[in-house]
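> below is the sequence, then the predicted model.
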Amino acid sequence: MNLSVNVGKLKLGNPVIAASGTFGYGEEYSGFTDIGRLGAVTVKGLSLSPREGNPPPRIVETPAGMLNAVGLQNIGIDSFIKDKLPFLRQFETRVIVNFFGDSISEYAEAAARLSSAEGVHALEMNISCPNKQAGWSIFGTDPKVTFRVVSAVRKATAMPLIVKLSPNVTDIAMMAKAAEDAGADALSLINTLTAMAIDINTRRPKLANITGGLSGPAIRPVAVRMVWECYRKVKIPLIGMGGIMSAEDAIEFMLAGATAVAVGTANFVNPGAAVDILQGIKTFMSARGIRSPRELTGAVRC
Amino acid sequence: MNLSVNVGKLKLGNPVIAASGTFGYGEEYSGFTDIGRLGAVTVKGLSLSPREGNPPPRIVETPAGMLNAVGLQNIGIDSFIKDKLPFLRQFETRVIVNFFGDSISEYAEAAARLSSAEGVHALEMNISCPNKQAGWSIFGTDPKVTFRVVSAVRKATAMPLIVKLSPNVTDIAMMAKAAEDAGADALSLINTLTAMAIDINTRRPKLANITGGLSGPAIRPVAVRMVWECYRKVKIPLIGMGGIMSAEDAIEFMLAGATAVAVGTANFVNPGAAVDILQGIKTFMSARGIRSPRELTGAVRC
Amino acid sequence: MSRLFEASVKENRRLTEKHYLLTFNPLKKIRRPGPGNFFMISAGNGLDPLLKRPFSLHRRTGSGIRILYRVTGRGTAILSRKRPGDVLEIIGPLGNGFPARRAGENTILVAGGVGIAPVFALAEHLAASAKKPVLFYGAKTGSDLLCIDELKSIGIEPRICTDTGDTGRKGPVTGMLREFLGKNPSFSEDCCIYACGPESMLRSLSALAGEYGLRGYAALEQNMACGIGACLGCIVNTTRGYKRVCRDGPVFPLNEIIW
Amino acid sequence: MSRLFEASVKENRRLTEKHYLLTFNPLKKIRRPGPGNFFMISAGNGLDPLLKRPFSLHRRTGSGIRILYRVTGRGTAILSRKRPGDVLEIIGPLGNGFPARRAGENTILVAGGVGIAPVFALAEHLAASAKKPVLFYGAKTGSDLLCIDELKSIGIEPRICTDTGDTGRKGPVTGMLREFLGKNPSFSEDCCIYACGPESMLRSLSALAGEYGLRGYAALEQNMACGIGACLGCIVNTTRGYKRVCRDGPVFPLNEIIW
Ligand SMILES: Cc1cc2nc3c(=O)[nH]c(=O)nc-3n(C[C@H](O)[C@H](O)[C@H](O)COP(=O)(O)OP(=O)(O)OC[C@H]3O[C@@H](n4cnc5c(N)ncnc54)[C@H](O)[C@@H]3O)c2cc1C
Ligand SMILES: Cc1cc2nc3c(=O)[nH]c(=O)nc-3n(C[C@H](O)[C@H](O)[C@H](O)COP(=O)(O)OP(=O)(O)OC[C@H]3O[C@@H](n4cnc5c(N)ncnc54)[C@H](O)[C@@H]3O)c2cc1C
Ligand SMILES: Cc1cc2nc3c(=O)[nH]c(=O)nc-3n(C[C@H](O)[C@H](O)[C@H](O)COP(=O)(O)O)c2cc1C
Ligand SMILES: Cc1cc2nc3c(=O)[nH]c(=O)nc-3n(C[C@H](O)[C@H](O)[C@H](O)COP(=O)(O)O)c2cc1C
Ligand code: FES
Ligand code: FES
């Protein structure tokens, strides 16, 4: 059985990735799971300069899910390269760097800066974070703007470029097409759904930021649908995510059209979740004589 | 304590409504709960002629939610008026008729036909059902088309007109505004999120229709956010729904901006859910000296 | 008025690797369930699983109401972990149930797999009568056969077949029934079939009944949300159009079902 | 390597209307937890609740590891229904724990409400030493006071106050501490405070410590998802910027916390 998959130009030893923002900079999990076994680790979204993020409370549980409004807190690209990347270089695991900017030029500059760092294997552009500040959430909701920002980043880097889409749109496939047309090598979907919870006793939003992003199993059926819609619209490979808790869930995404899958919220419930899921995929494949994950991609029979 | 609320021109004895498609034509529940205690019953979506709906399987459970692809099966407006309405007329409960059409003229004709029926107190236009056939899902996702279809129905009826919005859009508040501008008296939100589930053993979609609508507690945080966004954008009253399982959930929607709430999927879990929720709201209000549900509407402190 | 009630688990006995027999006692007075009726039972006590699951009446005994179930997924797995004293939330009894047979008519009962659950209820109901039913019972292997002793204790000697042939005849239950009908032409002259089992079995049973011109009924299954006819989720296609398994059924005339 | 383990519930004893004492035995060898460490414990065994909940080490005894918890919501309500033999999924021990005190230093312990859970662990740890800690313990009413006998059995006589005054002094625990500091200037000269309790208590304790120039530490709480420093969900604002309660804490120097 050969587990390797190609996410565009990015070659992975296996299709299981840790999702951005749920796996820290990788080192946080090193005492808890075998990072080296994962196909890739996607680090917490980075920006040119460090960000403080939102005040607490930043997270709250909801039915079969959670809201987060971390607000893109990060240590900045330079510290990441200096302090965090060396740790990640010791593993076979590929390193995908999730990043964002406040303007098109910031996006391009961030991509350029990351491209020269040793040990970064792919870039994942977050144009979809719902914790909007500076009104930039438009990057992920208007296909014309998406095309422009992705084109600019494409010019700034020769690295495998993954564009991470927002699910908070009317037509996800149209957004996918815009990113593909602008030169993306692959797409990640989905990011979180914008959501809100209110404490009825205090009458205050449960998150200091008022709204946050919904992740976890609650959103899985929406995510699977979006992967399926995009698979039929674009040719570039898809990384599926949204509520994957088990190997079965991961396989569901592959059948819908995902070449690889990312595990997010499940890491919080079980720091070994991603490795367990990989193991479960292997078991599933060998029980059925499936020789490559590629046989599963898009294999849903409609 | 006075529980009555005004949803535009529609006066309700209390703010708890049974959601369309989850309460049949009312009579299905008559052996299970006291329909007469509800503020209103919204009946299953009707069209000019009867519809067969989608083949089975039509429903499947997902984490804290369910998908349905009933496909708007209904007995048609004429049978409804003849066979179902007389039963509903015996209660104090207001009757809201959910309806849809395949074209603007069908919408208008359906509204006109229903307006003359004795015992119908309000119309709820479904422009948002994701089980799209005949490509008409556009009615609920393009604000210009929404404006046109709502305007046409507005001209066809003098009844309280509620427009039920789809959550599968980039900007729900813009859709709300379009419906308000076209003359809607109130808005219902949200309908189900388009979603999909795949059986990994058969590799087939779990629903015959491939995709379906996600309802239940899983979607509540998205629904609350949308009610809150619309409340800040439009002046007409909102009926909040999406995953309400308890009085606490209902109050959360009211704090976000809902004048009344509708109970959907919860009815399946407990046929007495809507009445229990009404009772819980009363208990909550009296414990805190709240004299009218209106004190709760939009009272979230951001 | 409501048919929603709580019940306390009396016993939850494992019968085979996958099958359990659960006895519950309603904590309030409920309507009397009959053969072919079912209950919507909550396996969890929170949001996971969210919806109740349908289970047929298997037996009414002095110690409570019994269901017989097979663990197939999440809900039944959680149900299998219930212990005596645990409380279940239940809606029921629901559904039309098996119709009464005509006076003097012979009865053939056909059960496939866990379909024995409601068929047993009917067998017990009919066992006391003058014309004892003949029961055909098919399963995957001998170890999947359930309630054989109970059937005997109510005076019914099941005619058994299995896919593997390790117990009883090898082959489908309809094959055995076809042979029986061939050998007993007088029995089949005035005779009605009642069946429950997997779709493939019911489908060939329909064909067989058609061939021999026999009346018959099958208890069907379909994913359900409400169980009371409101959601339109549990549709089956019939000669009279789409019907709701939960409210118009679960028992339908064999010749009306469109497979 | 993983600090994820299963544990079997040994006892889950109700202490008051809202408080429970749960003893568990890890099913594999785990790291030794110390005072101020915590565990992320799954209350359900499915998706409801989804995330684990943090609970401090309360006591290590021969019969297992103990947590002392208050039922505040869904997760703790489900936890309170666990019975002996039930299996919990747990991550831990986690967090920095209370720092060791300096040689010869006096110790003041301050607990508010269920904050006694980790404070007791520290008290037990320090009780054997030459310089016994002085423990101030505030609660809403007398019936909310926990482990008074256990405290006495380790040789610690708690100084108690309640909001209602029905047991001990009436008023906030910081009031009692202020009086003590005033009366015992020599004690407070070389002294360190360790505290856990509601934010309002810790806030005034910070102010008091500042006033008297005392060093001190507080174990903080914040909603958590991962418990291991990855999600950045459990932030507290400090003089050194935002810090993660789960990984950089939960114990922070009082003078660094920005309230
Ligand atoms: C009227 C009726 C009577 C039944 N009586 C019995 C009985 O006596 N004994 C018995 O073992 N089984 C019976 N069943 C089947 C039983 O309801 C399903 O096996 C059970 O719902 C599976 O639940 P799960 O959570 O374990 O499975 P899931 O993990 O949800 O899914 C496993 C399979 O069960 C089916 N399923 C899921 N949800 C439902 C649902 N709400 N209703 C029906 N099927 C569903 C799915 O199609 C799927 O293939 C009956 C079904 C019906 C409709
Ligand atoms: C390091 C640490 C140690 C703790 N030690 C103890 C202890 O020893 N004994 C004790 O009784 N309590 C302790 N707590 C608090 C305990 O974790 C919460 O009371 C518990 O999570 C509430 O869960 P719930 O599901 O019952 O409540 P919910 O219904 O989820 O909510 C009730 C309240 O609990 C808070 N809460 C919800 N989820 C979390 C979460 N994941 N983490 C923290 N708070 C949350 C919410 O803000 C809410 O106000 C500790 C908290 C932390 C951070
Ligand atoms: C706490 C948290 C932080 C996240 N931070 C980021 C981020 O920085 N960049 C990003 O692109 N996605 C971020 N995400 C989104 C996840 O990568 C993932 O797309 C989403 O959570 C859905 O997957 P899941 O349901 O498996 O968690 C974050 C999610 C969570 C829960
Ligand atoms: C089985 C089912 C059928 C539905 N049918 C309709 C319908 O005919 N018309 C409509 O406007 N909404 C329909 N809905 C949507 C509900 O009215 C409601 O908006 C949605 O389910 C969210 O609420 P809930 O989470 O409380 O169920 C249906 C929902 C379900 C689950
Ligand atoms: S299960 Fe709802 S109509 Fe049958
Ligand atoms: S709980 Fe995730 S960083 Fe602290």
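Okay, I see it. Ligands and ions are numbered 1, 2, ... in the order given.
> only C-alpha atoms for contact and neighbour calcs from this point on.
Noted.
> so is stretch C:70-87 next to ligand 1?
Yes: under the criterion of Cα under 6 Å from any ligand atom, stretch C:70-87 makes contact with ligand 1 via C:70, C:71, C:72, C:73, C:74, C:75, C:76, C:77.
> with adjacent residues omitted, what lies nearest to the fifth one?
Pointing back at residue C:74 there. Sequence neighbours aside, residue C:49 is the residue nearest to residue C:74 in space, at 7.4 Å (criterion: Cα to Cα, 6 or more residues apart in numbering or on different chains).
> ok, that neighbour touching residue C:77?
No: contact status for residue C:49 versus residue C:77: not in contact, 10.5 Å apart, counting by Cα atoms under 8 Å.
> which one of these two has more residues nearby?
residue C:49 (23 against 14; other Cα atoms under 10 Å in any protein chain shown).
> which residues touch the more buried one?
Contacts for residue C:49 (Cα atoms under 8 Å, 6 or more residues apart in numbering or on different chains) come out as B:63, B:64, C:42, C:43, C:74, C:75.
> need the pLDDT of it.
At residue C:49, the model reports a pLDDT of 93.
> that one: helix or strand, and which one exactly?
Here residue C:49, judged by DSSP states H and E, is contained in no helix and no strand.
> same deal with residue C:187?
helix C:185-189.
> tell me the first helix or strand C-terminal of that helix.
Once the chain leaves helix C:185-189, the next helix or strand it forms, by DSSP H and E, is strand C:191-196.
> how far does that following strand sit from its chain's centre?
A distance of 12 Å separates the centroid of the chain from that of strand C:191-196, by Cα atoms, centre = their mean, to the nearest Å.
> what's the angle between whatever helix or strand comes next after that strand and strand C:191-196?
Next along the chain after strand C:191-196, taking DSSP H and E as the criterion, comes helix C:199-212. Here the directions of helix C:199-212 and strand C:191-196 differ by 170 degrees (axes from the mean of the first three to the mean of the last three Cα atoms, to 10 degrees).
> can you list contacts of helix C:199-212?
With contact meaning Cα under 8 Å, 6+ apart, helix C:199-212 is reached by C:112, C:172-174, C:178, C:195-196, C:215-216, C:218, C:254-255, C:259.
> which element follows that helix toward the C-terminus?
Tracing the chain past helix C:199-212, the next element assigned as helix or strand by DSSP H and E is strand C:215-219.
> just the C-alphas of that next one, formatted as CSV.
Taking C-alpha atoms only, strand C:215-219 is exported to CSV below (Å, rounded to 0.1, in the frame of the first residue of the first chain):
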residue,chain,number,x,y,z
ARG,C,215,-52.1,-12.0,-0.1
GLY,C,216,-49.3,-10.8,2.2
TYR,C,217,-48.0,-8.0,4.3
ALA,C,218,-44.5,-6.8,5.1
ALA,C,219,-43.3,-4.6,7.9
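> just the C-alpha atoms of the next helix-or-strand element following it, please, in PDB.
Once the chain leaves strand C:215-219, the next helix or strand it forms, by DSSP H and E, is strand C:235-238. The C-alpha coordinates for strand C:235-238 follow below in PDB (Å, rounded to 0.1, in the frame of the first residue of the first chain):
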ATOM      1  CA  ILE C 235     -41.200   7.400   2.500                       C
ATOM      2  CA  VAL C 236     -41.900   4.200   0.600                       C
ATOM      3  CA  ASN C 237     -43.100   4.100  -3.000                       C
ATOM      4  CA  THR C 238     -46.400   2.200  -3.400                       C
END
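> can you pull the contacts of residue 246?
Using chain A. Taking Cα under 8 Å, 6+ apart as the test, what residue A:246 contacts is A:273, A:276, A:277, A:280.
> oops, wrong one, chain C.
Residues counted as contacts of residue C:246 (Cα under 8 Å, 6+ apart) are C:94, C:95, C:224, C:227, C:228, C:229, C:234.
> for burial, what's the neighbour tally of the second one?
The criterion is other Cα under 10 Å. On that basis, residue C:95 has 24 neighbouring residues.
> please report how far it lies from residue C:249.
6 Å (Cα to Cα, to the nearest Å).
> correct me if wrong: residue C:107 contacts residue C:130.
No: Residue C:107 lies out of contact with residue C:130 (Cα under 8 Å); the separation is 11.1 Å.
> among these two, which residue is more densely surrounded?
A side-by-side neighbour count of residue C:107 and residue C:130, using other Cα under 10 Å, places residue C:107 first with 23 against 9.
> distance-wise, check the nearest residue to that one once chain neighbours are set aside relative to chain A.
Leaving out its chain neighbours, the residue that sits closest to residue C:107 by Cα to Cα, 6+ apart is residue C:133, at 4.7 Å. Applying Cα to the nearest Cα, to the nearest Å, one obtains 43 Å for the distance of residue C:133 from chain A.
> and residue C:133, how many residues sit next to it?
By other Cα under 10 Å, neighbour count at residue C:133 equals 26.
> remind me which residues of chain A are low pLDDT?
Applying pLDDT under 70 to chain A flags the ranges A:129-137.
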